[in-house]
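Undergrad: whatever this is, show me its structure:
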Amino acid sequence: MTELLRVDHIESSYGASQVLFGISLDVGVGEVVTLLGKNGMGKTTTIRSIMGIMKPNSGNIYFKGKQINGEPSFKVAQAGIGLVPEGRQIFPNLSVYENLVATAANRRNDSDPWTIDKIFDLFPALADRQLNAGNQLSGGEQQMLAISRALMTNPDLLILDEATEGLAPLVRDDIWRVLEELKNFGQSILVIDKNVEALTKIANKHYIIEKGMVVWSGSSKELSGDDDIQHRYLGV
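TA: Take a look at the predicted model:
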């Protein structure tokens, strides 16, 4: 499988406080990969380092064969990485439709790019709410919008930080449905979430982080069959 993203032994800090200690992972073209671990273990810091929100102290990050660590966030996004951030961070005063067109781009001239109509087919609830402002949406609708906004950039890699945190069960099921559909479309995805059962149904491989280090990696079959690993590092 062709490598799309490679994170190679990065170390990152907030001031004098080091958070990541040699994190390495990779995502292949068309793969769904998860980043798992308890709260405060470095998952979001890893995503922030990939996205150029913070610069690693050491190590390298490669995307489509090009080194991107040290690049500003907008350059990382333009390179083809779409982020669905923790907390959604949609534009509250713009309508659903305006949120979507604000980020729309097809920089790689995809022959079948994401469009408003395709987004509304994926998330019919957004079609019904397209004239509503972002701050008038439920939490689940805001997450649908955040995913859709990232897709409208036509990314090679979609990253979701806490994909279903705080969402109602039916909405979570809808998000998992969409991620499975995106995988079937060939979309590469890196996802952080706590729902191990759902993730093992759609992901190709998993990385578990503990105190800023990868302590385990493997396939969905391996993770599903290892209750000790789940209990020790994920609290499942």
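
Undergrad: tally of neighbours for L35?
TA: 25 (other Cβ atoms under 10 Å). Where you see a C-beta, it was placed from the backbone N, CA and C, and this is true even at glycine.

Undergrad: phi, psi of it?
TA: phi -120, psi 110 (degrees, to the nearest 10).

Undergrad: just to check, it is in contact with D26?
TA: No: L35 is beyond contact range of D26, at 11.9 Å (criterion: Cβ atoms under 8 Å).

Undergrad: which stretches of the chain form helices?
TA: Taking DSSP state H as the criterion, the chain contains helices spanning 43-50, 73-79, 96-103, 116-122, 124-128, 139-151, 169-185, 196-202, 220-224, 227-229.

Undergrad: can you list the ones you listed in a markdown table and add mean neighbour count, mean pLDDT and distance to K66?
TA: Converted to a markdown table, the helices of the chain look like this (neighbours: other Cβ atoms under 10 Å; pLDDT from 0 to 100; distance: least, Cβ to Cβ, whole Å):
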| stretch | mean neighbour count | mean pLDDT | distance to K66 |
| --- | --- | --- | --- |
| helix 43-50 | 24 | 96 | 13 |
| helix 73-79 | 15 | 95 | 7 |
| helix 96-103 | 18 | 93 | 22 |
| helix 116-122 | 16 | 95 | 28 |
| helix 124-128 | 15 | 94 | 33 |
| helix 139-151 | 23 | 95 | 21 |
| helix 169-185 | 16 | 95 | 24 |
| helix 196-202 | 17 | 95 | 28 |
| helix 220-224 | 16 | 95 | 29 |
| helix 227-229 | 12 | 92 | 34 |
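
Undergrad: figure out which of the ones you listed is closest to P85.
TA: helix 139-151 (7.2 Å; Cβ to Cβ).

Undergrad: pull the distance from the closest one to the chain's centre.
TA: Centroid separation for helix 139-151 versus its chain: 12 Å, with Cα atoms, centre = their mean, to the nearest Å.

Undergrad: so what does that helix touch, helix or strand wise?
TA: strand 81-84, helix 96-103, helix 116-122, helix 124-128, strand 157-161, helix 169-185 (3 or more Cβ pairs under 8 Å, 6 or more residues apart in numbering; DSSP states H and E).

Undergrad: contacts for it?
TA: Applying Cβ atoms under 8 Å, 6 or more residues apart in numbering, the contact partners of helix 139-151 are 82-85, 88-90, 96, 99-100, 102-103, 114, 119, 122-123, 125-126, 129, 134, 137, 158, 160, 163-164, 166-168, 171, 174-175, 178, 182.

Undergrad: please redo it, this time with the cut-off set to 6 Å
TA: Outside helix 139-151, the residues that touch it by Cβ atoms under 6 Å, 6 or more residues apart in numbering are 82, 84, 88, 90, 96, 99-100, 103, 114, 119, 123, 125-126, 158, 167, 171.
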